[in-house]
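Novice: Test case, fold it:
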Amino acid sequence: MFEWDVRSLQRVLIVHSFRTKLICASLLIFSAVAAVQAQEYSKPKVRAITGFVRLERAIHGQQIAETLAVLRAAKEEFASQGYEVQSIRIVTQPLAELVSGLSETEALAFLKVLDDLSEKEDFMPSVGPGMMSDADDPATMRLLEKVLSTMPHIQASAIIAGDDGIHWKVIYESARLVRYVTEHSPHSQANFEFTVTAMLKPYGPFYPGSYHTGEGRQLSIGFEGANVVQEVFASTRGDFAKSVAELTKQLTIHAQVAESIGNRIAAKKNWNFMGVDPTPAPLADVSIAAAMETYTGAKFGSSGTMTAALIITTAVKAVPVKQIGYSGLMVPVMEDKLLAQRWAEGVVTMDSLLAYSAVCGTGLDTVPFAGDISLGQLERHFRRRGVVGVEVEEAIVSTASAGFGQEGRRPD
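Specialist: Numbers count the residues shown, from 1 in each chain. Reported below is the predicted structural model:
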């Protein structure tokens, strides 16, 4: 129908010798077609533009200001291309290094300054892992539990497994921290600012697992793209090969925009761009569970869910950009409204989520436990279930992040 209209229009204009009008009309038509094609799928939000800095306490204000200039420049470029940016984030060196040489009182005072500054300047701060190995001093975790319980903006993590194996002491200290923060933070919610991860490499953009041990002046970018997955699955429902191909194509479009912006800003500011995490992160009504149900035609947890998980992970891994972070599938029970509903209905369990982790980037993520769970029970869950994260909501303790053998992840 479109081709017939173009030919008709051209004949009319040529007959009347309106050559200029013909050119203008053709341009308008093709512009309209391009606009329709560009709007076939909606754009994802940019969840995180994350900067990595090694703070020196004497000049930390200047360093934060310089970092914010870089992150805000990237945010402006995204906005100019029609993307909504949800947050800019700053990750310091690991906590023990950040407060080295300070007493606990001095360390708390310095971190309170950082927490207040983050609210004033509208950025999300992370102080990295409290412990990275069993050789680390657990006193840092005791400091961290006080920080998390009293400072609402700072986020942090602990690393319970790496190339050197499982960190059993870190598991215990993490469980102890969760129990403390559950009892000492308002509504127990400060545990949402903490995670433990396994096998996660540095420089990922998503919190609270993000960390670095380098010299700083790096940035990475992550999306909230569950909406893209849902729209693709609506058009490719039930066709595995077509779904993988189309989802790869659509994720690539946005990842390449991010890579281009990241490289350009890094070059201009003399920073290093570390990469894009193309994980299609969900949040609340932007639901990965809804996307997967669109593909299967059944509730999340039903037959076909594993296939949908494999499609998403396959597509994410195939995106041809410099990838960083989790780069897989996120299924955070308490951060995805529909997924939380399916959990309440009993169609999703910890066992089924762990099974899906065989074909995705994560294991258990923000899974609810009873609020009166003991320290010993928490530790046993970490050991036996492959749980690598912990969060707390009032009357509920929940686990977050990834399973062993995959890159760890916490979705914020």
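Novice: Can you tell me how far A156 is from S357?
Specialist: Separation of A156 from S357 (C-beta to C-beta, to the nearest Å): 24 Å. For glycine as for every other residue, the C-beta is placed from the backbone atoms N, C-alpha and C.
Novice: who has more neighbours, the two?
Specialist: The neighbour count for A156 versus S357, taken as other C-beta atoms under 10 Å, is higher for A156 (27 against 24).
Novice: got a list of what that one touches?
Specialist: L95, S126, V127, G128, P129, G130, L144, V147, L148, E193, F194, P208 (C-beta atoms under 8 Å, 6 or more residues apart in numbering).
Novice: what secondary structure does it sit in?
Specialist: At A156, secondary structure determined by DSSP: H, G, I helix; E, B strand; the rest coil is strand.
Novice: who does it bridge with?
Specialist: Counting by DSSP bridges, A156 is bridged to F194.
Novice: And G162, by the same measure?
Specialist: Here G162, judged by DSSP bridges, has bridge partners G165.
Novice: residues near it, how many?
Specialist: Around G162 there are 17 residues (other C-beta under 10 Å).
Novice: any idea how far it is from M131?
Specialist: Counting by C-beta to C-beta - G162 and M131 are separated by 11 Å.
Novice: Do you know the pLDDT at V6?
Specialist: Per-residue confidence (pLDDT) for V6: 33.
Novice: Could you single out the nearest of the contacts of A156 to I312?
Specialist: P208 (22.8 Å; C-beta to C-beta).
Novice: ok, back up a step: okay if I get the contacts of A156 as a markdown table plus secondary structure and distance to V113?
Specialist: Listed next are the contacts of A156 as a markdown table, based on DSSP: H, G, I helix; E, B strand; the rest coil; distance: C-beta to C-beta, whole Å:
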| residue | secondary structure | distance to V113 |
| --- | --- | --- |
| L95 | helix | 15 |
| S126 | strand | 16 |
| V127 | strand | 13 |
| G128 | strand | 17 |
| P129 | strand | 21 |
| G130 | coil | 19 |
| L144 | helix | 17 |
| V147 | helix | 12 |
| L148 | helix | 16 |
| E193 | helix | 18 |
| F194 | strand | 20 |
| P208 | coil | 20 |
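Novice: Measure how far stretch 138-153 is from the centre of its chain, please.
Specialist: When distances are taken as C-alpha atoms, centre = their mean, to the nearest Å, stretch 138-153 is centred 23 Å away from the chain's centroid.
Novice: Would you mind listing the buried residues in that stretch?
Specialist: Neighbour-count burial for stretch 138-153, counted by 16 or more other C-beta atoms under 10 Å, picks out P138, T140, M141, L143, L144, E145, K146, V147, L148, S149, T150, M151.
Novice: Could the C-alpha coordinates of whichever helix or strand the second one is part of be exported in CSV?
Specialist: The reference is to T140. Assignment of secondary structure by DSSP states H and E places T140 within helix 139-150. The C-alpha trace of helix 139-150 is given here as CSV (Å, rounded to 0.1, in the frame of the first residue of the first chain):
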residue,chain,number,x,y,z
ALA,A,139,36.9,-5.3,61.7
THR,A,140,36.1,-3.6,58.4
MET,A,141,32.8,-5.5,58.3
ARG,A,142,32.0,-4.3,61.9
LEU,A,143,32.6,-0.7,60.7
LEU,A,144,30.5,-1.4,57.6
GLU,A,145,27.5,-2.6,59.6
LYS,A,146,27.4,0.7,61.5
VAL,A,147,27.8,2.7,58.2
LEU,A,148,24.9,0.8,56.5
SER,A,149,22.7,1.1,59.6
THR,A,150,23.1,4.9,59.9
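Novice: And the contacts of that helix?
Specialist: 95-96, 99, 104, 107-108, 111, 127, 130-131, 154, 156, 158, 173-174, 176-177, 180-181, 184-185, 190-191, 193-194.
Novice: Give the PyMOL command for selecting the buried subset of those.
Specialist: Remark: buried members of the contacts of helix 139-150, expressed as a PyMOL selection using 16+ other C-beta under 10 Å:
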select buried, resi 95+96+99+107+108+111+127+130+131+154+156+158+173+174+176+177+180+181+185+190+191+193+194
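Novice: how about the helices in the stretch 251-400 of the chain?
Specialist: Along the stretch 251-400 of the chain, counting by DSSP state H, counting those that start in this stretch, helices occupy 288-296, 305-318, 337-345, 350-356, 375-385.
Novice: Out of those helices, which one sits most buried?
Specialist: By mean neighbour count, with neighbours taken as mean count of other C-beta atoms under 10 Å, helix 288-296 ranks first of those at a mean of 25.
Novice: same for that helix, what does it pack against?
Specialist: Counting contacts by 3 or more C-beta pairs under 8 Å, 6 or more residues apart in numbering; DSSP states H and E, helix 288-296 packs against helix 226-236, helix 305-318, helix 337-345.
Novice: for the first one, which positions count as buried?
Specialist: Under the neighbour-count criterion of 16+ other C-beta under 10 Å, helix 226-236 has A226, N227, V228, V229, Q230, E231, V232, F233, T236 buried.
Novice: which residue sits closest to the fifth one, ignoring its sequence neighbours?
Specialist: Nearest residue to Q230 in three dimensions, chain neighbours excluded: A291, at 3.7 Å (C-beta to C-beta, 6 or more residues apart in numbering).
Novice: Outline the domain layout of the chain.
Specialist: Listed by automatic domain parsing, the domain ranges of the chain are 2-36, 49-412.
Novice: Which among the ones you listed is found nearest to S42?
Specialist: domain 49-412 (5.8 Å).
Novice: before we move on, back to that, will you turn the buried residues of stretch 138-153 into JSON lines that also has distance to P280?
Specialist: As requested, the buried residues of stretch 138-153 are exported to JSON lines (distance: C-beta to C-beta, whole Å):
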{"residue": "P138", "distance to P280": "36"}
{"residue": "T140", "distance to P280": "34"}
{"residue": "M141", "distance to P280": "33"}
{"residue": "L143", "distance to P280": "35"}
{"residue": "L144", "distance to P280": "30"}
{"residue": "E145", "distance to P280": "33"}
{"residue": "K146", "distance to P280": "36"}
{"residue": "V147", "distance to P280": "31"}
{"residue": "L148", "distance to P280": "28"}
{"residue": "S149", "distance to P280": "33"}
{"residue": "T150", "distance to P280": "34"}
{"residue": "M151", "distance to P280": "31"}
